[in-house]
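S.K.: Output the structure for:
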Amino acid sequence: MNAETRRSAILTLLSQAEAPISAATLAGSFSVSRQIIVGDIALLRAAGEQISATPRGYVLQHDREGLIKTVATVHTAAQTEQELCIMVDNGCTVLDVVVEHPIYGQITGQLQLASRYDVSQFVERLQTEGGEPLSALTNGIHLHTLQCPDEAAYHRTRAGLKAAGMLLETE
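M.R.: All right, here's what the predicted structure looks like:
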């Protein structure tokens, strides 16, 4: 299979996928190295494809249904799982995390977490790979972009975060 055909097949797989696909999985599917897949993804992005890299793999961005909202939170690294569970338990998908870094400006990490399983996988990966949440760069202050099915889910999420002492509000 030539590179152009492989990139087309990658797009097809991503468009049909219900969950992120890792570079290693794609590499195995096409009998190439992970680095070849990383290069293919870079070329597809350069050609205008909306492919995001999440902690669990690549996703092709589709038009988002539902309400897109941003919530500001503050908490310790140990409270990360609790915060994310509050969001997904109230029906919202956590699309990303955003911090404002004094040197680099805005840093965004794609998350795409829609369930407790997704959250547990993310937290486990943080622990096993010795990573820290991006919020560690900003003393726990960060934003999340949420995709909520409706206003009620968004308000339940805010109320849950407030009850846990994690909602960053103006004083």
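S.K.: can you tell me how far E18 sits from T93?
M.R.: Noted for E18: a distance of 13 Å to T93, by C-beta to C-beta, to the nearest Å. C-beta here means a position set from N, CA and C on the backbone, and glycine is covered the same way.
S.K.: just L84 next, same as before
M.R.: From L84 to T93 the distance is 11 Å (C-beta to C-beta).
S.K.: same deal with F30?
M.R.: Taking C-beta to C-beta, one finds F30 at 29 Å from T93.
S.K.: Of all residues in the chain, which one is nearest the centre?
M.R.: Taking C-alpha atoms, centre = their mean, the centroid of the chain lies closest to L111, which sits 1.1 Å from it.
S.K.: correct me, but that one touches L95?
M.R.: Yes. With contact defined as C-beta atoms under 8 Å, L111 and L95 form a contacting pair (6.4 Å).
S.K.: what sits in contact with each of those two?
M.R.: H144 (C-beta atoms under 8 Å, 6 or more residues apart in numbering).
S.K.: ok so, going back, can you pull the residues that touch both of L84 and T93?
M.R.: Joint contacts of L84 and T93 (C-beta under 8 Å, 6+ apart) are L113.
S.K.: Could you check which of E18 and T93 is surrounded by more residues?
M.R.: Of the pair E18 and T93, T93 is the one with more neighbours under other C-beta atoms under 10 Å, namely 20 against 5.
S.K.: ok, K69 to C148 distance?
M.R.: 6 Å.
S.K.: same question, H155
M.R.: In terms of C-beta to C-beta, H155 sits 9 Å off from C148.
S.K.: More neighbours: the two, which one.
M.R.: Higher neighbour count among H155 and C148: C148, with 21 against 13, using other C-beta under 10 Å.
S.K.: which residues sit against stretch 159-166?
M.R.: 71, 73-75, 79, 82-83, 86-87, 89-90, 167, 169.
S.K.: that older thread, give the residues shared as contacts by K69 and C148.
M.R.: Y154.
S.K.: Can I get the lowest-mean-pLDDT helix or strand in the chain in CSV, CA atoms only?
M.R.: When the helices and strands of the chain are compared on mean pLDDT, DSSP states H and E, strand 51-54 comes out lowest with a mean of 84. What follows is strand 51-54, C-alpha atoms only, in CSV (Å, rounded to 0.1, in the frame of the first residue of the first chain):
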residue,chain,number,x,y,z
ILE,A,51,-7.6,15.3,13.6
SER,A,52,-7.0,15.7,17.3
ALA,A,53,-4.6,13.7,19.4
THR,A,54,-6.1,12.7,22.7
